[in-house]
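**Student:** Test case, fold it:
(one chain, ligands or ions: 1)
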Amino acid sequence: MRKILIIGIGAGNPDYMTIQAIKALNRADVFFIPDKGTEKVALRQLREEICDRFIEQPGYRTVGFKVPDRDGGGPNYRGGVEEWRGKLADAYESLFAEHLAEDQCGAFLVWGDPSLYDSTLRILETIRDRGFAFDYEVIPGISAVQALTARHRVALNRIGEPILVTTGRRIAGGLPDGLDNVVVMLDGETAFRQIDGADIDIYWGAYLGTPDEILVSGRLSEVADEIERVRREARTEKGWIMDTYLLRRTRED
Ligand SMILES: C[S@@+](CC[C@H](N)C(=O)[O-])C[C@H]1O[C@@H](n2cnc3c(N)ncnc32)[C@H](O)[C@@H]1O
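**Tutor:** Modelled structure (predicted):
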């Protein structure tokens, strides 16, 4: 039976690759490499660097494929995402049928960890639900959340406190009641600007794990302007940005 490996490659530094991920790389006959357009060239380069550095057997195959554009601006956000996933499922199914023999193993190199804001697992489940048979395995990776906390040398939470991981659009109205630790990903709109930052600390990081990494931390009300400026300048210079941050309500002990 065909086998697909979903390999978490870490969020930016090739050294984030785990030994399990390296072993998985060396089990694959073919790698499916997405092309998400020019602004993600740097991400594609990291995937290629990982293949060159860690794959021992010569002659491994890579198959590139174009990721369809996603209409993220429509009123029905969830519906738009489902439609996009359907198109990707069609593309993946054709890739497997065309490039993977019945006894072969294919791999997707997933940025960070495959369980966090990544569609690969859902897409593979969709293909299996349609009746296309294959086995699959997931190899965990170091997510941007772990890279962020490690680089800032902070824990995600204080004793016994819950943690919320969410998107920028979900915190635009403020931190939810009862949650003192919120990690924000996928925030293209600097949602932290809309939060009263007098009693909140922010630990912000962009291009984590890469040579271009930027870190800023402090009381949100004091560093929000600086983060916005640094973010804008970096984005203009590179043409794209990936950033993540932890917001933490301060506490008087
Ligand atoms: C589609 S999600 C993928 C998350 C990934 N699966 C993970 O485990 O980190 C992309 C978001 O992750 C965050 N991210 C991923 N890599 C990052 C990095 N190297 N530096 C900062 N943020 C990153 C950003 O918030 C970005 O918008």
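**Student:** close to the ligand, is the lowest-mean-pLDDT helix or strand in the chain?
**Tutor:** Least confident helix or strand of the chain, by mean pLDDT, DSSP states H and E, is helix 41-54 with a mean of 84. No - Helix 41-54 does not reach the ligand (CB under 6 Å from any ligand atom); its nearest approach is 8.6 Å. For glycine as for every other residue, the C-beta is placed from the backbone atoms N, C-alpha and C.
**Student:** So which elements touch that helix?
**Tutor:** Here helix 41-54 is seen to pack against helix 19-25, strand 30-35, strand 105-110 when contacts are counted using 3 or more CB pairs under 8 Å, 6 or more residues apart in numbering; DSSP states H and E.
**Student:** Walk me through which strands the next helix or strand after it pairs with, and which way each runs.
**Tutor:** On the C-terminal side of helix 41-54, the nearest following helix or strand under DSSP states H and E is strand 61-66. Applying DSSP bridges to the sheet, strand 61-66 is found paired with strand 30-35 (parallel).
**Student:** Just want the angle from the strand it pairs with to helix 41-54.
**Tutor:** Per axes from the mean of the first three to the mean of the last three CA atoms, to 10 degrees, the angle that strand 30-35 makes with helix 41-54 is 160 degrees.
**Student:** mean confidence for strand 30-35?
**Tutor:** In this model, strand 30-35 has a mean pLDDT of 87.
**Student:** What residues sit buried inside stretch 192-210?
**Tutor:** Under the neighbour-count criterion of 16 or more other CB atoms under 10 Å, stretch 192-210 has 192, 195, 197, 200-210 buried.
**Student:** Likewise for stretch 227-240?
**Tutor:** Buried-residue list, stretch 227-240, by 16+ other CB under 10 Å: 227, 230, 231, 234, 235.
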